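Novice: dropping a prediction and its sequence here:
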Amino acid sequence: MYHAVATDPREATRALSVAPRAFAEQMAAIADRGLTPLGTAELAAAWRSGRPLPRRPVLITFDDGYEGVHRHALPVLAEYGFPATLFVSTGWLRGPYDSGAALDTMLDWDQVRELAAAGVEIGGHSHTHPQLDQLGEERLRFELIHCREIVADQVGAAPVSFAYPYGYSDRRVRRAVRETGYAQALAVGNGLARRAQGPYALRRVTVRRGTGPDEFARLVEGRAIARTFARDRALTKGYAVLRRARQVRGWSSRAGA
């Protein structure tokens, strides 16, 4: 799971950005190790049908829609012939639906169309990038449907894959994602994706600016994942309790209104 690919990202995106040179080296590492990148829809379809996956499969995904995916990542992906999936927050992209809330320089819709034409799968990532499990039902479905309609209008095909903003979801959110037309969805979880997780809770591992060559090699080979992300998981568990309490208070407030 990548976010920005940038030489000089803003402070808000620095930790989750990757330098262009590092990204190129990471794609070379994938090629050198004989891994086979594939798209999110392709992975989910194979698992649904029981078809065998290609040798040593790996997903390359980008969240949010930062401009460096087109400027820096696309030429490297094209060099190796690697497919990837880009999950866009439609209200963050430059153009007619821009809400002005983006954290850094974003793609415009011409660039998104160029990525799609180059074989990058365009998936949904909500409209305004909220914590979906904290939303009421009406707003939740707006975020999912509006995102899907905008991508369909701008790219010419409705997205079939979705990624949860911040990685947050619950049973209600996953049901809404399914019912609004997405066929599969990715979380974070910082673990390997497995068929048993089901098509709406597939895990990914985070690649950061501080991910060095040795750590990246361990990630793509599936080694020491739990140890690498032990601190992240501890923080996630603690924050999940806090967010659940906020969610319950929010529902109580709406019920009493």
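Specialist: Yep, it's here. Residues are numbered from 1 along each chain as shown.
Novice: give the buried residues for stretch 13-20.
Specialist: Under the neighbour-count criterion of 16 or more other Cβ atoms under 10 Å, stretch 13-20 has 13, 16-20 buried. For glycine as for every other residue, the C-beta is placed from the backbone atoms N, C-alpha and C.
Novice: using a markdown table, lay out those residues together with distance to residue 146 and secondary structure.
Specialist: Below are the buried residues of stretch 13-20 laid out as a markdown table (distance: Cβ to Cβ, whole Å; DSSP: H, G, I helix; E, B strand; the rest coil):
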| residue | distance to residue 146 | secondary structure |
| --- | --- | --- |
| 13 | 24 | helix |
| 16 | 25 | coil |
| 17 | 27 | coil |
| 18 | 29 | strand |
| 19 | 33 | coil |
| 20 | 32 | helix |
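Novice: wait, which of these is closest to residue 29?
Specialist: residue 18 (12.8 Å; Cβ to Cβ).
Novice: quick one: the closest one from residue 206, how far?
Specialist: 11 Å (Cβ to Cβ, to the nearest Å).
Novice: tell me where the stretch 51-200 of the chain has strands.
Specialist: Per DSSP state E, counting those that start in this stretch, the stretch 51-200 of the chain carries strands over the ranges 57-59, 61-64, 85-88, 121-124, 161-163, 184-189.
Novice: JSON lines for those strands, including mean pLDDT?
Specialist: Below are these laid out as JSON lines (pLDDT from 0 to 100):
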{"stretch": "strand 57-59", "mean pLDDT": "97"}
{"stretch": "strand 61-64", "mean pLDDT": "98"}
{"stretch": "strand 85-88", "mean pLDDT": "98"}
{"stretch": "strand 121-124", "mean pLDDT": "98"}
{"stretch": "strand 161-163", "mean pLDDT": "98"}
{"stretch": "strand 184-189", "mean pLDDT": "96"}
